[in-house]
Every structure is written in structure tokens, then in C-alpha cells.
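**Student:** what would the 3D arrangement of this be:
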Amino acid sequence: QNTDEVVQFTRSIIEKTFEIRGELDELIKSRSKNWEFDRIALIDKIVLRIAICEFLHFWDVPPKVSIDEAIELSKLYSTQKSRIFINGILDGVLSDLQKDGQIIKTGRGLRDKGTKKK
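**Tutor:** Purely as a prediction, here's the structure:
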């Protein structure tokens, strides 16, 4: 990928994440019932929002890649325990979305168990 493609992808994911952040926050809240949402670290919220946005709207990104990247970001920019928290929330949200048929992934190597073809 060239720099322009990376910048374009980054911009589109940031814009979409911001656009639907209310929906994303509700999904996070549904899987973090033992945590007050306002007490979740800001960087963790941002990482969770981006990954869930990728699940829902970036059909060419496999869910496992979104989760792995979120964990790597949390290792770099958040606390030691954040990666475990983020992994748990994302696994739960992904499972819920798959059960509800909301995950649509197409293309080579992108069909995970429980995903529907668009």
C-alpha cells in the first residue's frame, strides 16, 4: 500500500468511528457491565471503538486482524491490563454481532465462522 492509500483508509475509519460513536459505545457498554463506562480509560475506548467500527463497516478487514491490532495498540499506549480488557470486550462484541448476523465479510481469507457473505 502506498502512503495515500494508508492516509485515505485512516481518515475513513476515523470519520466513520466518530460518526457512529454512540452505537459503538452502546456495544462496548453491553459487554462491560461490571465497569462504569466513564471510568474506562479514554485510549481504551478509542481502541475499542475503532476495532468495532472495523467489524461493522470495513468488510475487507478480518475481525481477527482488528482484534490483534487493538491489542497491539493497547500494549503501546495503555496499561498492562488493558490488552486483556480490550480482548475480552472485543471477543464478546464480535460474538454478539455474529449471532445477530451483523458481520458481513467477503473476499479471500475473510470468511470467519459465523460471518455472512454480503
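**Student:** quick one, what contacts the most centrally placed residue in the chain?
**Tutor:** By C-alpha atoms, centre = their mean, the chain has its centre lying nearest to Ala51, at 1.6 Å. Taking C-beta atoms under 8 Å, 6 or more residues apart in numbering, we find Ala51 in contact with 66-67, 69-70, 86, 90. Quick note: C-beta positions are derived from backbone N, CA and C, even for glycine.
**Student:** hmm, try it at 6 Å
**Tutor:** Contacts for Ala51 (C-beta atoms under 6 Å, 6 or more residues apart in numbering) come out as 66, 70, 90.
**Student:** just those residues: which are in helices?
**Tutor:** Here DSSP state H is the test, and the contacts of Ala51 give 66, 70, 90 as lying in helices.
**Student:** where in the chain is pLDDT low?
**Tutor:** Per-residue confidence for the chain (pLDDT under 70) gives these ranges: 1, 106-118.
**Student:** tell me where it has helices.
**Tutor:** 3-19, 21-31, 42-57, 63-77, 82-99.
**Student:** buried ones in the fourth one?
**Tutor:** It refers to helix 63-77. 63, 66-67, 70-71, 73-74 (16 or more other C-beta atoms under 10 Å).
**Student:** which among those residues gets closest to Gln102?
**Tutor:** Proximity of the buried residues of helix 63-77 to Gln102 was ranked by C-beta to C-beta; the top entry is Pro63 with 11.5 Å.
**Student:** so the closest one touches Leu94, yeah?
**Tutor:** Yes: using C-beta atoms under 6 Å, Pro63 is in contact with Leu94, at 5.4 Å.
**Student:** Ser66 versus Ile50, what's the distance?
**Tutor:** The spacing between Ile50 and Ser66, counted by C-beta to C-beta, to the nearest Å, is 8 Å.
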